[in-house]
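Novice: 3D model of this:
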Amino acid sequence: MGKTAINNGRLIDGLGGQPVRDGLVVFEGNTLIYAGEAEGYTLTGDETIVDAGGGTILPGLIDTHVHVMMEFEGVQKRLETPFSYRFYQAAQYMRKTLDAGITSVRDALGADLGVKKAVEEGLIAGPRLQLSINALTITGGHGDGYTTSGQTVELLQANYPGMPDGRADGVEEVRKKVREMLRAGAEVIKVHATGGVLSPTDHPEFTQFSLEELKVIVEEARFRKGVRVMAHAQGAEGIKQAVRAGIHSIEHGIFLDDEAIDLMKENGAFLVPTLLAPVSVLELAEESGMPDSAVEKSKEVIEIHKESVTKAHKAGVKIAMGTDAGVMPHGLNLRELELMTDVGMTPMEAIVATTKTAAECLGWEDKVGTLEKGKLADIVIVKGDPLEDIASLADTDTIQYVVKDGKVEKDTLTK
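Specialist: Residues are numbered from 1 along each chain as shown. The predicted structure follows:
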């Protein structure tokens, strides 16, 4: 396979420095061999040339919190949908994710090892996946589909081959449950450390799992496979317990207080804000059949959520972009970037959050997240200058060219 050179575009390499006005990116196979000023590399004439058309060349973008196996639907529709149909829907969701310029994701529960294998072997198109399999939760907590009618209605069907049920109570149960997730192929362990907006029987500020249970979860993940733990954590006490236990990333972080922020900085924990999630609950409430309890909780938390992320950013907490896509339609992921600028991040900081910092959050900084020699050829070309109009990235038509692992996945630029 010959070399490909992308020229005639400003280059934002993901490192956070000033863009290169006349940028050049060269890759061969699935490996980057140059990214920098055009005058710094001599073309031989044998390269395939891709003209960026005066747009912007970016690293493949990363969403650290998605659910590729779902888009929220009302209870009746879920009950009417055959089990296997979900996998065909997921193929469309992942196609939309790639078309949005997202080349890597961390699936925060729902995708099993077969989905990852299908992507890796080219049966279906999709972003690079880091799997959590299913999330650990307590009986009656966020993720337990038990309803006040006494019936259980899950967002996603669990407890099928390759998808263990996530409910566990007590130290020995959570230890075993982590082992089950690892056995099923988990590359990150997901735990629900608090209640949530979509939970039918709890509140975002409710704390789940004891500190001892959380420490065992971290211990089992870290010592058996060197795996990190991500925590759905919205209430302040649950966030603090998660960080004290050694959990690597805090998802949502709605009710952050000063102590929680200090603990996150001290322990190097990442914050994945998912600002888009509660906004989308309100926007899609009627269309998607959101329960009234979720709508009311979203109204309650939206402004508090913004204030918390603003404080965390000002304090210097590491922030990685994540959306909770699946709560809202896939393909709209980059709306999150504008919301991040609304809470005080600059457009460049938002781009770094979805490239370099996101790669660090996933532990993949050695291969993706920035355009540097030796890394994987994950590259996106967009119309215009996202530093001038970050909101433009939310429109998938702005995303003209997507390369993942050296393969062109989208091209509206040259065709």
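
Novice: what's the pLDDT at Gly226?
Specialist: Note for Gly226: predicted pLDDT of 86.

Novice: how many other residues sit next to it?
Specialist: 8 (other C-beta atoms under 10 Å). In this view, the C-beta of every residue, glycine as well, is placed from N, C-alpha and C.

Novice: how far away is it from Val188?
Specialist: Noted for Gly226: a distance of 11 Å to Val188, by C-beta to C-beta, to the nearest Å.

Novice: again, but for Gly74
Specialist: For Gly74 relative to Val188 (C-beta to C-beta), the value is 30 Å.

Novice: give me the more crowded residue out of the two.
Specialist: The neighbour count for Gly74 versus Val188, taken as other C-beta under 10 Å, is higher for Val188 (23 against 13).

Novice: how much space between the more buried one and Asn159?
Specialist: Val188 sits 20 Å away from Asn159, taking C-beta to C-beta as the criterion.

Novice: over to Ala391?
Specialist: Taken as C-beta to C-beta, the span from Ala391 to Asn159 is 41 Å.

Novice: just Pro278 next, same as before
Specialist: 29 Å.

Novice: give me the more crowded residue out of these two.
Specialist: Set side by side, Pro278 and Asn159 show more neighbours around Pro278, with 29 against 11, by other C-beta under 10 Å.

Novice: and the helices in the chain, which stretches?
Specialist: 75-80, 85-99, 113-120, 171-183, 211-225, 236-244, 258-267, 276-283, 285-288, 292-315, 335-342, 347-353, 356-362 (DSSP state H).

Novice: contacts only, for Gly166.
Specialist: When contacts are counted by C-beta atoms under 8 Å, 6 or more residues apart in numbering, Gly166 touches Leu109, Asn134, Ala135, Leu136, Thr137, Gly143, Ala158, Lys177, Met181.

Novice: redo that, cut-off 10 Å
Specialist: Counting by C-beta atoms under 10 Å, 6 or more residues apart in numbering, Gly166 makes contact with 109, 132-138, 141, 143-144, 158-159, 177, 180-181, 190-192.

Novice: filter these down to the ones in strands?
Specialist: Counting by DSSP state E, those place Ala135, Leu136, Lys190, Val191, His192 in strands.

Novice: which among those end up buried?
Specialist: The neighbour count (16 or more other C-beta atoms under 10 Å) marks Ala135, Leu136, Lys190, Val191, His192 as buried among the ones in strands among the contacts of Gly166.

Novice: what sits against the second one?
Specialist: If you count contacts by C-beta under 10 Å, 6+ apart, Leu136 has them with 109, 143, 164-168, 173-174, 177-178, 180-181, 189-193, 208-209, 213-214, 217, 229, 231-232.

Novice: domain-wise, how is this structure divided?
Specialist: Following automatic domain parsing, the chain resolves into domains at 3-60+370-411, 61-362.

Novice: look at the shortest one and report the distance between its end residues.
Specialist: Using C-alpha to C-alpha, to the nearest Å, the gap from the first to the last residue of domain 3-60+370-411 comes to 17 Å.

Novice: what does the last one give?
Specialist: Domain 61-362 has an end-to-end distance of 13 Å (C-alpha to C-alpha).

Novice: please apply the same query to stretch 99-118.
Specialist: Distance across stretch 99-118, first residue to last, is 18 Å (C-alpha to C-alpha).

Novice: how far out from the middle of the chain is that stretch?
Specialist: Centre-to-centre, stretch 99-118 and its host chain are 9 Å apart (C-alpha atoms, centre = their mean, to the nearest Å).

Novice: below-threshold pLDDT in the chain: ranges please.
Specialist: The chain contains residues with pLDDT under 70 at 1, 151, 153, 155, 157-158, 198-201, 286, 288-291.

Novice: at 90 what do you get?
Specialist: Across the chain, the ranges flagged by pLDDT under 90 are 1, 72-81, 140-160, 195-206, 223-226, 278-302, 328, 414-415.

Novice: need the residues touching each of Gly226 and Val188.
Specialist: In terms of C-beta under 10 Å, 6+ apart, Gly226 and Val188 are both contacted by the residues Gly363.

Novice: from the chain's centre, how far out does stretch 179-199 sit?
Specialist: With C-alpha atoms, centre = their mean, you get 14 Å for stretch 179-199.

Novice: just the buried positions in it, please.
Specialist: Buried, per 16+ other C-beta under 10 Å, within stretch 179-199: 179-182, 184-199.

Novice: tell me the contacts of the closest residue to Ala320 other than its chain neighbours?
Specialist: Closest residue to Ala320 apart from its sequence neighbours, by C-beta to C-beta, 6 or more residues apart in numbering: Cys361 at 3.9 Å. For Cys361, the contact set (C-beta under 10 Å, 6+ apart) comprises 62, 64-65, 106, 130, 188, 228, 230, 248-249, 269-272, 318-322, 353, 369.

Novice: and Ile379, what are its bridge partners?
Specialist: Pro59, Val403 (DSSP bridges).

Novice: from Asp22, how far off is it?
Specialist: Computed as C-beta to C-beta, the Ile379 to Asp22 distance reads 17 Å.
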